[in-house]
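> Make a model of this:
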Amino acid sequence: MTRTLLFSLALLSLAPLAACADEAASGPTAGDAATDFPADDLAQIDLGETVPDGDALTPDELIAKADDYAGKTVVVEGDVREVCQMEGCWLTMADAQNRTVRINVPRDESGSYVFTFPTDASGQTVRVAGQLAVETESVEDQRHYARDGGATPDEVEAITAPKQTLVFTAMGAEVVRQPQARGA
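Residues are numbered from 1 along each chain as shown. Sure thing, here's the model as predicted:
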């Protein structure tokens with residue numbers, strides 16, 4: 001029995017290393033939120049921890065002063081540019097110069113995502129609380145995110161060098177559905 005327990009613990013410790021694309025094949029885990037907006041008229045989806053009220057940074061402010069905000073807990077609010085189409089485990093926001101910040105969902109002790117973003121949230125407004133980090137992203141990771149974002153094989157192959165990336169780890173989020181035009 002002890003060997004079985006140790007083997008099980010060893011397997012669980014590897015769970016956080018699994019890519020979101022690998023998890024999509026087995027479907028969302030029990031703790032994951034729905035990956036699409038509900039069909040009703042719900043205007044906002046709250047995910048994870050409560051996002052503090054008050055002023056929020058714009059993507060322009062966050063990106064322009066990334067070194068000042070790195071490692072600090074802040075709130076940022078902006079429009080969603082793209083969302084992981086495999087699991088909803090990340091999304092991106094962009095500034096006026098089209099520079100992006102990726103918002104990642106953390107995993108819990110079991111390796112499950114704490115929450116997931118709706119996969120149909122592109123173009124919607126999101127308010128997110130979390131911590132920013134400036135990281136060097138490998139070619140492999142960039143290609144992984146590109147595939148999960150729906151990039152074509154040619155777009156994925158065009159990624160050939162590591163790059164500096166702004167990664168924001170979300171503790172909580174509010175996703176606001178924008179009203180759809182009627183009769184369009």
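> mind checking how far the residue nearest to the spatial centre of the chain is from Asp154?
The structure's the chain has its C-alpha centroid closest to Trp90; by CA atoms, centre = their mean the separation is 1.7 Å. Distance, Trp90 to Asp154, by CB to CB, to the nearest Å: 22 Å. (C-beta placed from N, C-alpha, C; glycine too.)
> in the chain, which spans are helices?
2-14, 20-24, 59-64, 66-69, 139-148, 153-157 (DSSP state H).
> what about the last one, average pLDDT?
Helix 153-157 shows a mean pLDDT of 95.
> Tell me the helices and strands packed up against it.
Applying 3 or more CB pairs under 8 Å, 6 or more residues apart in numbering; DSSP states H and E, one finds that helix 153-157 makes contact with helix 139-148.
> buried ones in the helix it packs on?
The neighbour-count check on helix 139-148 (16 or more other CB atoms under 10 Å) flags 141-148 as buried.
> again, but for stretch 127-135
127-132.
> Repeat that for stretch 85-103.
85-95, 100-103.
> dump the residue contacts of Val75.
For Val75, the contact set (CB atoms under 8 Å, 6 or more residues apart in numbering) comprises 51-52, 54-57, 127-129.
> Mind listing the residues bridging to it?
Ala129 (DSSP bridges).
> that older thread, export the buried residues of helix 139-148 as a markdown table, with columns for pLDDT and distance to Glu109.
As requested, the buried residues of helix 139-148 are exported to a markdown table (pLDDT from 0 to 100; distance: CB to CB, whole Å):
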| residue | pLDDT | distance to Glu109 |
| --- | --- | --- |
| Asp141 | 91 | 23 |
| Gln142 | 90 | 28 |
| Arg143 | 94 | 29 |
| His144 | 91 | 23 |
| Tyr145 | 88 | 24 |
| Ala146 | 89 | 29 |
| Arg147 | 91 | 27 |
| Asp148 | 85 | 24 |
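> Of the residues you listed, just say which sits nearest to Pro162.
Using CB to CB, Gln142 comes nearest to Pro162 of the buried residues of helix 139-148, at 7.8 Å.
> Could you list the low-pLDDT ranges of the protein?
Residue ranges of the chain with pLDDT under 70: 1-42, 179-184.
> do that again at 90, thanks
1-44, 135, 145-146, 148-150, 164-165, 176-184 (pLDDT under 90).
> Next step: the buried residues of stretch 85-103 restricted to strands.
Among the buried residues of stretch 85-103, the ones falling in strands (DSSP state E) are 90-94, 100-103.
> The contacts of Val75 into a markdown table, with extra columns for distance to Val76?
A markdown table is the format used below for the contacts of Val75 (distance: CB to CB, whole Å):
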| residue | distance to Val76 |
| --- | --- |
| Val51 | 10 |
| Pro52 | 12 |
| Gly54 | 12 |
| Asp55 | 11 |
| Ala56 | 6 |
| Leu57 | 5 |
| Arg127 | 8 |
| Val128 | 6 |
| Ala129 | 8 |
